[in-house]
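>>> Please find the sequence and the predicted model below.
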Number of protein chains: 2
Amino acid sequence: MSYSSGTPDKKADTRTVILNTALRLFTQNGYFNTSVHDIKREAHLSIGSIYHYFKGKDEIAKALYHDLLEEMEQQFNLIASSHSSTHDRCKAVVSLLLSMTDEKPEAMAFMLHAKHREFLPNETPVCSSKPFTLMKGMVREGIEKGEIRELDPLVAAAVMFGGPIRLIHLHLDGIFAGPLVRQLPSIWDCAWKSVSA
Amino acid sequence: MSYSSGTPDKKADTRTVILNTALRLFTQNGYFNTSVHDIKREAHLSIGSIYHYFKGKDEIAKALYHDLLEEMEQQFNLIASSHSSTHDRCKAVVSLLLSMTDEKPEAMAFMLHAKHREFLPNETPVCSSKPFTLMKGMVREGIEKGEIRELDPLVAAAVMFGGPIRLIHLHLDGIFAGPLVRQLPSIWDCAWKSVSA
DNA sequence: GTCTATATTCGGATAGAC
DNA sequence: GTCTATCCGAATATAGAC
């Protein structure tokens, strides 16, 4: 858990506690069904303390959103630099998405459920965010290199990552059980078959 | 437009006006950013009139949800009865999803964005609803018949419909332009390749 | 069945002591 | 930097005339 921006978390500092609590409540009950009073209660803090760290409820959501996206972007860059073929890169991305869902389901739910437009109207939606742009870029490059069939890059990205993302949604909604990483072989097989040249 | 439950819509009755207006505002600004006063204003009605037809804001959302799901279920049943092979059925479903998005984007957005859990906590989520169950059933049958590879039915359904659904999301978020039906050939080709035996 | 006016609750945000 | 008490606006919902 690394929400602390400047200070090293010797122990869990207040800011981090607030963010973790908010993340849990936001994904559990939704942003609008979560009041600052709820966060206060669950985090064992006072209202004043929360407003000392954040200007308002939306600032908490914004901070969460940015922190999580940035963390994801770093992982994506790592993947891009440690694999050469489009096949390997995209497979690593799918693997990352599945394992992140297993390890930090709330974080994934928060980013994916894409309700952001509803309560963060001024933020760029997930689909236009850095990680997603990187995914699209990988696919485009794969088309140029001939690894992937000639398709609209967006369409190709949608079909390749759409399956895994759909499974993640099903898992987060409680429909599909079990650790998702176990499904990597079969689902990646399907995903790659759908677009490979 | 067929939201009227009992009465034939000689002209647009008040109930229908309310539902149409609410649907537009809910998808445009979100459920929680839409007040009953907003609906009142946009529908050129009075608060009292709205509360005469619905017990509260959540009842409006619930009515919308049920009406839209039922409409979709009927279409799905029609498809199931007019096609025999799994291939044709599933392709027809994808085609339907794409054309529905083109024709009634707000309706699709309302159902898909799956924020329902946030404001309709007691309703079954889309993924467990009738239409989705039917989709899953089609896939399972396809596996038994040998048209589709041996896979977990849920996984197979996720990869086959995940691509199209992802593209729909991208379209509704303004990332992917143009009529979606035009993409049917290419996206269905991909989808079927991913799971066909 | 449609309207206006009003009641009531709730939640975001602030003030200011410690 | 943490707390309590409080304010204020907004939004749901109701009452009751027409």
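Arrived safely, thanks for sending. From a predicted model like this one, the values you see are computed outputs, not experimental measurements. Residues are numbered from 1 along each chain as shown, chains lettered A, B, ... in the order given.
>>> what residues does chain A put near DNA strand C?
For chain A, the residues found near DNA strand C under the criterion C-beta under 7 Å from any atom of the strand are A:34-37, A:47-48, A:51, A:55-58. (C-beta placed from N, C-alpha, C; glycine too.)
>>> Select from these the one having the most neighbours.
Of all those, the highest neighbour tally under other C-beta atoms under 10 Å in any protein chain shown goes to residue A:34, namely 21 neighbours.
>>> For the closest residue to residue A:151 other than its chain neighbours, which residues are in contact?
Nearest residue to residue A:151, sequence neighbours excluded (C-beta to C-beta, 6 or more residues apart in numbering or on different chains): residue B:186, at 6.1 Å. By C-beta atoms under 8 Å, 6 or more residues apart in numbering or on different chains, the residues touching residue B:186 are A:151-152, A:155.
>>> For those residues, could you give me CSV that also reports pLDDT and neighbour count?
Compiled in CSV, these are given as follows (pLDDT from 0 to 100; neighbours: other C-beta atoms under 10 Å in any protein chain shown):
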residue, pLDDT, neighbour count
A:151, 97, 21
A:152, 97, 17
A:155, 98, 22
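>>> Check residue A:6 and give its pLDDT.
Looking at residue A:6, its pLDDT stands at 42.
>>> ditto for residue A:111
Value listed for residue A:111 in the pLDDT field: 93.
>>> Then the one 5 residues further on?
Per-residue confidence (pLDDT) for residue A:116: 76.
>>> And residue A:120, by the same measure?
Reading off the model, residue A:120 has pLDDT 86.
>>> tell me the phi and psi of residue A:192?
phi -70, psi -40 (degrees, to the nearest 10).
>>> List the contacts of it.
Applying C-beta under 8 Å, 6+ apart, the residues contacting residue A:192 are A:87, A:90-91, A:160.
>>> ok, it to DNA strand D distance?
Residue A:192 sits 47 Å away from DNA strand D, going by C-beta to the nearest atom of the strand, to the nearest Å.
>>> Could you do residue A:80 as well?
37 Å.
>>> Now do that residue, the pLDDT please.
94.
>>> Could you do residue A:2 as well?
Reported pLDDT for residue A:2: 46.
>>> what about the helix or strand of chain A with the lowest mean pLDDT, distance to the chain center?
Least confident helix or strand of chain A, by mean pLDDT, DSSP states H and E, is helix A:116-119 with a mean of 81. Computed by C-alpha atoms, centre = their mean, to the nearest Å, the chain-centroid distance of helix A:116-119 equals 15 Å.
>>> Whichever residue of chain A sits closest to DNA strand C and residue A:24, how far apart?
Distances between chain A and DNA strand C by C-beta to the nearest atom of the strand are smallest at residue A:56, namely 2.8 Å. Distance, residue A:56 to residue A:24, using C-beta to C-beta, to the nearest Å: 19 Å.
>>> same check, this time on residue A:168
18 Å.
>>> for residue A:192, same thing?
With the distance defined as C-beta to C-beta, residue A:192 ends up 35 Å from residue A:24.
>>> do the same with residue A:101
Distance from residue A:101 to residue A:24, by C-beta to C-beta: 16 Å.
>>> More neighbours: these two, which one.
Taking other C-beta under 10 Å, residue A:101 and residue A:24 do not tie; residue A:101 has more neighbours (23 against 16).
>>> Looks like that one contacts residue A:95 (just checking).
No - between residue A:101 and residue A:95 there is no contact under C-beta atoms under 8 Å: 10.9 Å.
>>> Out of the contacts of residue B:186, name the ones that lie in helices.
When DSSP state H is applied, those are split such that residue A:155 fall in helices.
>>> can you list the contacts of residue B:186 in JSON lines and add distance to DNA strand D?
What follows is these, written out as JSON lines (distance: C-beta to the nearest atom of the strand, whole Å):
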{"residue": "A:151", "distance to DNA strand D": "44"}
{"residue": "A:152", "distance to DNA strand D": "40"}
{"residue": "A:155", "distance to DNA strand D": "39"}
